[in-house]
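Peer 1: Let me see the structure of the following:
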Amino acid sequence: MSTQPILSAPASGPVEPGIAARRVVFVIGAGRSGTSTLARALGALGVELGNRFKRATRKNPTGFFEDAELLELSKSVRNRIGVRADSLRLIEPQELNGPALRDLHERARKIIQRRFSNHPIWGFKYGRTLRILPFWEPVLAELDIEPSFVIALRNPLSVARSRARLDPRRGIQATSDLEWLVSIVPYLRRTRPHRLTVVDYDDLMDDPVAQLSRLASELALPQAATTERQIKDYAERFLDPGLRHTRYDAEQLARDDQVNPIVRAGYRLLREVSAGMISPREEVFWEQWQAVEQGVRDLGPILALMDLREAERRRALTSLLGPLQALSLLKPHLKNL
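Peer 2: So this is what the prediction gives:
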């Protein structure tokens, strides 16, 4: 499998980001990184998120702030190409733009026109948007909508611990790290012509007013007379410090030998962006990011194999044949005994 195309920038190359007549802000990030908290922050800054959200659950009691209709569409894209929510395999661009998805492109265009055509700046939070970014690019181009991107960043140790509270299998550090990589690394380079900013979850919890001010500035969001009040309401009423169960620093991350070194390098670089030490508008960022991309490309074959094995395991567990289904999976291994 060739994985080089998934990490390449669009042919147009970098351009100076501007404020288009219509814009969308995508909130992206690995699961359990604070994407919902960040989406709610955008709402406080006046970004239109819609009013038909996925319902809050035990997994996220304060709410997901995920547009239910666009979320369902995004899942349909994944399902159409055979990718589960926890799939790890790398996705080729052509999988997301072929004839098999033409109806979903049209559906996406109609949803946006019907729901957000009267809003110059709107947002959509779906952490895995980068996984399917080539699907969205022609839709937005056809509608003349300029995309911006916000990465919700969180220490990979905290991400894994948070996952483990909900799903012990996905909370294993090695597994969580691979999900982190495929959620953030592939296609990030394709955001280069647009506005991209990074917000660290712990920084947001510690000083929400400062982080929202920086977010508004870096995304060039217009400020209304009510913005200051909305930010205060977000900081004092919405954010609940009790929802943050773990906190790890860079030194702890560096010492933990269970952390994937590619994740450690990618997180460090994005953490520097969130701290204002480097900018994704600088060539030096992408020069350093290239090593992270190469690491993910090298993992491509093993990621595809892991997906295949997990699909086989799930078929065995859910088959009406019960344990008999597992015999076909065991047969090749029995020959080696």
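
Peer 1: which stretches of this protein form helices?
Peer 2: With DSSP state H as the definition, the chain shows helices at residue ranges 35-44, 68-80, 102-116, 133-143, 156-166, 173-184, 201-206, 208-218, 227-233, 250-255, 261-274, 283-318, 323-334.

Peer 1: for the stretch 101-250 of the chain, which spans come out with low pLDDT?
Peer 2: Within the stretch 101-250 of the chain, not a single segment meets pLDDT under 70.

Peer 1: returning to that earlier point: most packed of the helices of the chain?
Peer 2: For the helices of the chain, the largest average neighbour count (mean count of other Cβ atoms under 10 Å) is found in helix 35-44, namely a mean of 24. Heads up, the C-betas are built off the backbone N, CA and C, glycines and all.

Peer 1: Quick check: mean pLDDT of that helix?
Peer 2: Mean pLDDT, taken over the full extent of helix 35-44, equals 96.

Peer 1: Which neighbouring elements make contact with that helix?
Peer 2: Applying 3 or more Cβ pairs under 8 Å, 6 or more residues apart in numbering; DSSP states H and E, one finds that helix 35-44 contacts strand 23-28, strand 121-125, strand 146-153, helix 201-206, helix 208-218, helix 227-233.

Peer 1: Tell me the spacing between residue 133 and residue 158.
Peer 2: 25 Å (Cβ to Cβ, to the nearest Å).

Peer 1: scratch that, residue 105 is what I was asking about
Peer 2: Residue 105 sits 36 Å away from residue 158, going by Cβ to Cβ.

Peer 1: contacting residues for residue 31?
Peer 2: Contacts here follow Cβ atoms under 8 Å, 6 or more residues apart in numbering; on that basis residue 31 touches 127, 159, 163, 179, 183.

Peer 1: Over to residue 212?
Peer 2: Residue 212 neighbours (Cβ under 8 Å, 6+ apart): 41, 44, 45, 231, 234, 235.

Peer 1: Can you tell me which of those lies closest to residue 91?
Peer 2: residue 41 (28.6 Å; Cβ to Cβ).

Peer 1: just checking, that closest one touches residue 204?
Peer 2: Yes - shown here, residue 41 and residue 204 form a contact pair, counting by Cβ atoms under 8 Å, at 7.0 Å.

Peer 1: Could you tell me which residues touch both of these two?
Peer 2: Common contact partners of residue 41 and residue 204 (Cβ under 8 Å, 6+ apart): residue 211.

Peer 1: Would you quantify the distance from residue 92 to residue 286?
Peer 2: Using Cβ to Cβ, one gets 22 Å for the distance from residue 92 to residue 286.

Peer 1: Thank you kindly, that will do.
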